[in-house]
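Enquirer: output the structure for:
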Amino acid sequence: MDNHPALDDAFLALADSTRRSVLTRLARGPASVSELAAPSSMALPSFMKHIRLLERSGWIRTHKSGRTRTCVFEPSKLPVVDDWLAQQRALWEARTDRLERFIDLETE
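Expert: Model (predicted):
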């Protein structure tokens, strides 16, 4: 098995629609936790669990100024996910190419 903790963390963070929504919003620029939580119907302590997981997994960083905690998207996880997906894409393309060649041989 492929043991890649950074990849596991990346996909764990992406596995939840709330966290994906947060990342989508942060891709447009920094935002406060309260701004990020506004569209959500969950209580702030529950929402903060999502923020902490995103921060622990490296997708975002936060900083506090006074009473406001601001979140910033960290694109450093994108290459980890992109590299894995590229490897999978190449593997499956090679498999489908072999299947196509096999089918072509059978139909001749």
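Enquirer: so which residues of the protein form strands?
Expert: Using DSSP state E, the strands of the chain run over 31-32, 60-65, 68-73.
Enquirer: would you list these in TSV and tack on distance to residue 81?
Expert: Placement of C-beta: from N, CA and C, glycine included. Below are the strands of the chain laid out as TSV (distance: least, CB to CB, whole Å):
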stretch	distance to residue 81
strand 31-32	22
strand 60-65	15
strand 68-73	14
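Enquirer: closest one to residue 5 among those strands?
Expert: Distance to residue 5, taken as CB to CB, is lowest for strand 60-65 among the strands of the chain, at 17.9 Å.
Enquirer: mind listing what's buried in the closest one?
Expert: Within strand 60-65, the residues scored as buried using 16 or more other CB atoms under 10 Å are residue 60.
Enquirer: ditto for stretch 15-30
Expert: Buried, per 16+ other CB under 10 Å, within stretch 15-30: 18-19, 22-23, 25-26.
Enquirer: between the residues you listed, which is closest to residue 40?
Expert: Using CB to CB, residue 18 is the member of the buried residues of stretch 15-30 that lies nearest residue 40, at 6.1 Å.
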